[in-house]
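Novice: the following block contains a protein sequence and its predicted model.
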Amino acid sequence: MMAVSDLVKHLASISPAAYCQIFYVLAAAAVLGIAVAPESVRRLLTQYGARSSPTGTSDDKEGKQARDGPLVSIVSWATSVGKVPHSWFIHFYILSVSCSVFWAVQFLSHGKILEFIVKNQAPSETSSMSINQVVIVWALMSLQGARRLYEYMAVVRSSPSKMWIIHWLLGVAYYFCTGISIWIHGSRSIQSSDRRTFSIEIPSFNMVFGVITFWASWFMQYRCHSYLSQLKKYSLPVDGLFQYLVCPHYTCECVLYLSLALIAAPVGQLYNRTLICAVLFVAVNLGVTANGTKKWYSEKFGHERVRGKWKMIPGIF
């Protein structure tokens, strides 16, 4: 009983920010673990829709599975029974918008859930975001969630494909955690504010640069998604940023969250520690997908069509 009691006390002593950071890092590590798995296993775990179907005849595929051994058979069975519709992606954006509304209500009404988080986070904070920072980051995150929800409802064409339920659960956990993360490092300011009045502040370099970068990435990502929605199904995108990058919409996603990490930097810090962990997860998760996308494009359209294009990060990856 003492061991359990000690464990509970230890878990209670961990700050909310640390819990969010642990989730992002462990999730990124899990994705990296999948990325270094044998290709036959990695294909089953990371790809869906057309990309989940390797080229070749059915006899070739059966022979390959036999050569790969029992591990591939087990993973293949696990991913086949845990499939959910790709259209469930909309749940991520519904959750994102819902979290934005929920935490705003908690903030304005001194809600008990936010008060509990703030009370447990504040003692571990040496510096804090200002109330203005908290509100701006919340507003930008709300706009991102609302735009993605709009895109999925009105711009992106629905897909009959399915994805492994673990992908869906990971996405749900990410958006839930990020909904909390944008508030955490403003705990000390939230405690000392009446939350209905805001002071006029001279914006920092981080704020100006971050907001400009956010809006640029926000609009470019929308243009990428709009362009993709107009393409013939499973054709090669070649216009705009797609001339240089295989997945520029993933690049924009990373830059969006990086800009939020800069805007949300507590006083005296270069970036927001928790949101930079979120950027790490986004970059790793989308990077693995971008890598698979380029391989699929090479198989389907020929290596020459994609040679010279960066996968996601210009000059690096």
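Specialist: Okay, I see it.

Novice: contacts for the helix or strand harbouring Asn120, please.
Specialist: Per DSSP states H and E: Asn120 is located in helix 112-121. The contact list for helix 112-121 (CB atoms under 8 Å, 6 or more residues apart in numbering) reads 15-17, 103, 106-107, 180, 183-185, 187, 190-191. Using the backbone N, CA and C atoms, a C-beta is placed for each residue, glycine as well.

Novice: could you redo the last one with a cut-off of 10 Å?
Specialist: Residues outside helix 112-121 that contact it (CB atoms under 10 Å, 6 or more residues apart in numbering): 12-19, 102-111, 125, 128, 180, 183-191, 195, 274.

Novice: give me the low-pLDDT residue ranges for the protein?
Specialist: For the chain, the stretches with pLDDT under 70 are 1-2, 7, 10, 42, 44, 46-69, 71, 79, 195-198.

Novice: mind running it again at 50?
Specialist: 1, 54-67 (pLDDT under 50).

Novice: for it, just list every one of the strands.
Specialist: Per DSSP state E, the chain carries strands over the ranges 83-85, 162-164.

Novice: make CSV from these and add mean neighbour count and distance to Ala28 to it.
Specialist: As requested, the strands of the chain are arranged in CSV below (neighbours: other CB atoms under 10 Å; distance: least, CB to CB, whole Å):
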stretch, mean neighbour count, distance to Ala28
strand 83-85, 15, 22
strand 162-164, 21, 18
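
Novice: now distance to Lys232 too, for those strands, in JSON lines please.
Specialist: Listed next are those as JSON lines, based on distance: least, CB to CB, whole Å:
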{"stretch": "strand 83-85", "distance to Lys232": "22"}
{"stretch": "strand 162-164", "distance to Lys232": "22"}
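
Novice: out of those, the one nearest Tyr257 is which?
Specialist: Shortest distance between Tyr257 and the strands of the chain, using CB to CB, is found for strand 162-164: 21.6 Å.

Novice: packing partners for the closest one?
Specialist: Other helices and strands packing on strand 162-164, by 3 or more CB pairs under 10 Å, 6 or more residues apart in numbering; DSSP states H and E, are helix 39-46, helix 70-81, strand 83-85.

Novice: make TSV from these and add distance to Lys233 to it.
Specialist: TSV is the format used below for these (distance: least, CB to CB, whole Å):
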stretch	distance to Lys233
helix 39-46	21
helix 70-81	23
strand 83-85	17
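
Novice: just name the most buried of these.
Specialist: Most buried of the helices and strands packed on strand 162-164, by mean neighbour count (mean count of other CB atoms under 10 Å): helix 39-46, with a mean of 18.

Novice: packing partners for the top helix by length along the chain?
Specialist: Counting by DSSP state H, the longest helix found in the chain is helix 273-301. When contacts are defined as 3+ CB pairs under 10 Å, 6+ apart, helix 273-301 sits against helix 16-35, helix 39-46, helix 165-184, helix 248-263, helix 303-306.

Novice: let me know which of those is tucked in deepest.
Specialist: Of these, helix 248-263 is the most buried (mean count of other CB under 10 Å), at a mean of 23.

Novice: got the CA positions of that one in PDB?
Specialist: What follows is helix 248-263, C-alpha atoms only, in PDB (Å, rounded to 0.1, in the frame of the first residue of the first chain):
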ATOM      1  CA  PRO A 248       4.200  21.000 -48.700                       C
ATOM      2  CA  HIS A 249       0.900  20.900 -46.700                       C
ATOM      3  CA  TYR A 250       2.900  18.900 -44.100                       C
ATOM      4  CA  THR A 251       5.600  21.600 -44.200                       C
ATOM      5  CA  CYS A 252       3.000  24.200 -43.500                       C
ATOM      6  CA  GLU A 253       1.600  22.200 -40.600                       C
ATOM      7  CA  CYS A 254       5.000  22.000 -38.900                       C
ATOM      8  CA  VAL A 255       5.600  25.700 -39.400                       C
ATOM      9  CA  LEU A 256       2.100  26.500 -38.000                       C
ATOM     10  CA  TYR A 257       2.900  24.800 -34.700                       C
ATOM     11  CA  LEU A 258       6.400  26.100 -34.600                       C
ATOM     12  CA  SER A 259       5.000  29.700 -34.900                       C
ATOM     13  CA  LEU A 260       2.700  29.000 -32.000                       C
ATOM     14  CA  ALA A 261       5.600  27.700 -30.000                       C
ATOM     15  CA  LEU A 262       7.400  31.000 -30.600                       C
ATOM     16  CA  ILE A 263       4.400  33.200 -29.900                       C
END
